[in-house]
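S.K.: Kindly generate the corresponding structure for this input.
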Amino acid sequence: MLEIPRLREDFPILRSGIIYLDNAASSLTPEPVLQKMMEFYHEYRANIERGVYRLSQKASEEYDRARHKMADFIRARSDREIVMTRNTTEGINLVANGSEWQKGDRIVTTLLEHHSNFIVWLRLRKRFGAQVDIVRPSTEGLLNLDEFETAITDNTRLVAITHVSNVLGTVTPIREIADIAHDHGARVLVDGAQSVPHMPMDVSKLDCDFLAFSGHKMLGPTGIGCLYVREELLNEIEPLSIGGSTIEDVTSDDYTLAPSPMRFEGGTPAIAEAIGLGAAIDYLRDIGLEAIAEHEKVLSQMIHRGLSPIKGIKLFGPVDWNNRTGIVSFNIDGLNPHDVALALDVSSNIMVRSGFHCAMPFVRDILGARQGCVRASTYLYNNAEEVERLIKTVEEMSRTST
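M.R.: Numbers count the residues shown, from 1 in each chain. Presented below is the predicted three-dimensional model:
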């Protein structure tokens, strides 16, 4: 059991009385994380890896320690496999734009994806003539492994897939898909933006080649994320930008790039943000990812059970919660999702997301929600009272709309 009242004390923004249920978009940040970032600015504000003086050495040590925490958090074999990025989107783009593509190369993805793991592959089709094969999920957001058996061939170079749907919270069977992909010699890229913050992660068990995630969805600051690259593939990916700390040697005629991860991190990085993400990882591990996942599931099931009998409510996603995380999406008949979200804020201080959730093909074409939907997403600091307030307010809105 999580000690919710004690945890909530670490989030001063909650003292204003807001009910924050937009955690799939971005989480709140606790005081220990902010304090660790301010420690950098107050005590050793300096650039990393470029100075022999003590402030630079201290900053470098803290930055490197944060990288080690990220590697350990996802069970990477080496810190070299961890590339600091701004967010999940940049990590995915690094793989997409840092790989050599040829006409006819095949990429398999799905209509379940966030745009960041979808349009990047469509752009490769435009630029290089790559073929993009798209697996369609069911209306419950579930994927059929047989369709991957068909879609993945010996000409497939990459399978790019989300671990958890940011619309429905459905969990994808990554390991089974990875087994199919690797049997055909294809690489596997996983969008972990919705999974890494909410469940224990082990890249060796997933058997993925790339995993991208963002700090701002896991109690960390904005502007920092991570791309895991399997060590054997580090030299196959070209950096998005070079200069500064990316080099090992430069002459008037040529240059040699530094080994990973430095070769991928051109210029001064987000030092305070990386240190903050390291502190966020400490915070999550102290609580326990298993406990967090269970807490979210209990609250989300409460939302689902509470909304299900209300007349005029359409719920999306599977009823089986063994394959879902803490996301519940719904609509109220006759009301635009944005109007619902605004009314929840104005009337009850409830913050939810509305629209297509950066997954237009899935929400519009698979779910049939032509105007989008309302999404409530839970995290470790949410409680039952907040869930009950959401259900009561939605019930009142539904009754009024009919």
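
S.K.: For R375, which three-state class applies?
M.R.: Three-state assignment for R375 (DSSP: H, G, I helix; E, B strand; the rest coil): strand.

S.K.: Quickly note the distance from it to V135.
M.R.: According to Cβ to Cβ, to the nearest Å, R375 stands 23 Å off from V135. From N, CA and C alone the C-beta is placed, and that goes for glycine too.

S.K.: Name the residue in those two with the higher neighbour count.
M.R.: R375 (27 against 21; other Cβ atoms under 10 Å).

S.K.: Surely P173 touches L145?
M.R.: Yes - counting by Cβ atoms under 8 Å, P173 touches L145, with 6.7 Å between them.

S.K.: pLDDT weak spots in the protein?
M.R.: Where the chain drops to pLDDT under 70, the residues are 402.

S.K.: Which parts of it belong to which domain?
M.R.: 4-21+288-397, 32-285 (automatic domain parsing).

S.K.: Can you give me the end-to-end span of the shortest one?
M.R.: Meaning domain 4-21+288-397. Domain 4-21+288-397 has an end-to-end distance of 29 Å (criterion: Cα to Cα, to the nearest Å).

S.K.: From the centre of this protein, give me the residue that's furthest out.
M.R.: Farthest-out residue of the chain from its mean C-alpha position, per Cα atoms, centre = their mean: S252, at 41.6 Å.

S.K.: Which secondary structure state does it sit in?
M.R.: Here S252 is recorded as coil under three-state DSSP.

S.K.: let's number from 2 now, not from 1
M.R.: Got it, first residue is 2 now, which makes that one S253.

S.K.: Tell me how far it lies from L22.
M.R.: For S253 relative to L22 (Cβ to Cβ), the value is 58 Å.

S.K.: nearest residue to G307 other than its sequence neighbours?
M.R.: I392 (3.6 Å; Cβ to Cβ, 6 or more residues apart in numbering).

S.K.: is it true that the one you found touches S301?
M.R.: No - at 12.0 Å, I392 does not count as touching S301 under the criterion of Cβ under 8 Å.

S.K.: Among the two, which residue is more densely surrounded?
M.R.: The residue with more neighbours, out of I392 and S301, is S301; 23 against 19, by other Cβ under 10 Å.

S.K.: before we move on, which element is the more buried one in?
M.R.: Under the criterion of DSSP states H and E, S301 resides in helix 290-308.

S.K.: Give the other helices and strands that the helix or strand just after that helix contacts.
M.R.: Going down the chain from helix 290-308, the next helix or strand is strand 314-317, by DSSP H and E. Packing partners of strand 314-317 (3 or more Cβ pairs under 8 Å, 6 or more residues apart in numbering; DSSP states H and E): helix 290-308, strand 328-333.

S.K.: With distance to K218 added, can I get those in a markdown table?
M.R.: Output for these, formatted as a markdown table (distance: least, Cβ to Cβ, whole Å):
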| stretch | distance to K218 |
| --- | --- |
| helix 290-308 | 13 |
| strand 328-333 | 12 |
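
S.K.: Burial-wise, tell me which of these comes out on top.
M.R.: strand 328-333 (a mean of 26; mean count of other Cβ atoms under 10 Å).

S.K.: how much does the next helix or strand after that strand deviate in direction from strand 374-378?
M.R.: As assigned by DSSP H and E, the chain's next helix or strand after strand 328-333 is helix 338-349. Angle between the axes of helix 338-349 and strand 374-378 is 50 degrees (criterion: axes from the mean of the first three to the mean of the last three Cα atoms, to 10 degrees).

S.K.: wait, doesn't P13 sit right on T30?
M.R.: No - with contact defined as Cβ under 8 Å, P13 does not count as touching T30 (10.0 Å).

S.K.: Neighbour count for the two, which is higher?
M.R.: Between P13 and T30, counting by other Cβ under 10 Å, T30 is the more crowded of the two (23 against 12).

S.K.: Helix or strand for the more buried one, just tell me which one.
M.R.: Counting by DSSP H and E, T30 is part of no helix or strand.

S.K.: Against R354, how distant is it?
M.R.: Distance from T30 to R354, by Cβ to Cβ: 18 Å.

S.K.: which residue packs closest to Y64, ignoring adjacent ones?
M.R.: Per Cβ to Cβ, 6+ apart, closest to Y64 is I49, 4.9 Å.

S.K.: quick one: contacts for the one you found?
M.R.: I49 makes contact with 57, 60-61, 64, 269-270, 272, according to Cβ atoms under 8 Å, 6 or more residues apart in numbering.

S.K.: In helices, which of those residues fall?
M.R.: Of the positions in these, 57, 60-61, 64, 272 sit in helices, assigned by DSSP state H.

S.K.: Same list, those residues, but as TSV with neighbour count please.
M.R.: Shown next, in TSV, are those (neighbours: other Cβ atoms under 10 Å):
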residue	neighbour count
S57	17
A60	23
S61	18
Y64	21
I272	23
